[in-house]
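# sequence and predicted structure below; questions after.
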Amino acid sequence: MGLKVRTGPYRWRIPDVVVLDKMLSEWTTGPPLAVFEVLTVEDCYNDMMEKMAEYEGIGVPQICMVDSGKGGFISVFERSPAHEGENVPPWEHRI
């Protein structure tokens, strides 16, 4: 079983990989430095967007989505402080 990340009052996620600045216990309530989610054929776009919204909501600065399909495509989303306060998504997409 992986590390549980609290994403809401009664909601927890268990990312495939979690990067922390320090390990306190198997539970963490603060935002990790990064999370990695490995997507499978069973995952749909809405599920991916829900996970991203939850991680964004707790302040995770970097979210990596790894497609486990043939291409092994990796999407990295980083919080961009350059756009804070503007009416644009706070995420920059990198490959």
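Yep, that arrived.
# pretty sure Pro61 contacts Ala34?
Yes: with contact defined as CB atoms under 8 Å, Pro61 reaches Ala34; the gap is 7.1 Å. Yep, even glycine has a C-beta here, placed from its N, CA and C like the rest.
# look up which residues are beta-bridged to Gly8.
Taking DSSP bridges as the rule, Gly8 bridges to Arg11.
# okay, now it: neighbour count?
10 (other CB atoms under 10 Å).
# and it, how far from Val76?
Going from Gly8 to Val76 by CB to CB, to the nearest Å gives 24 Å.
# now for the protein, the helix or strand with the poorest mean pLDDT.
strand 91-94 (a mean of 52; mean pLDDT, DSSP states H and E).
# so Glu56, which state does it fall into?
Under the three-state scheme (DSSP: H, G, I helix; E, B strand; the rest coil), Glu56 adopts helix.
# can you get me a residue count around it?
Other residues near Glu56 come to 18 when the count uses other CB under 10 Å.
# and the residue nearest to Val41 when sequence neighbours are not counted, how many neighbours?
Spatial nearest neighbour of Val41, chain neighbours left out: Gly69 (7.2 Å); criterion: CB to CB, 6 or more residues apart in numbering. Other residues near Gly69 number 10, with proximity taken as other CB under 10 Å.
# need the three-state assignment for Gly69.
coil.
# any idea of the pLDDT on it?
pLDDT recorded at Gly69 is 74.
# renumber starting at 861 from here on
Yes, from this point I'll number from 861; that puts the last item at Gly929.
# distance of it relative to Val898?
Plainly put, Gly929 is 11 Å away from Val898 if you go by CB to CB.
# mind jotting down where the helices sit in the chain?
905-917 (DSSP state H).
# nearest residue to the middle of it?
Ile923 (3.8 Å; CA atoms, centre = their mean).
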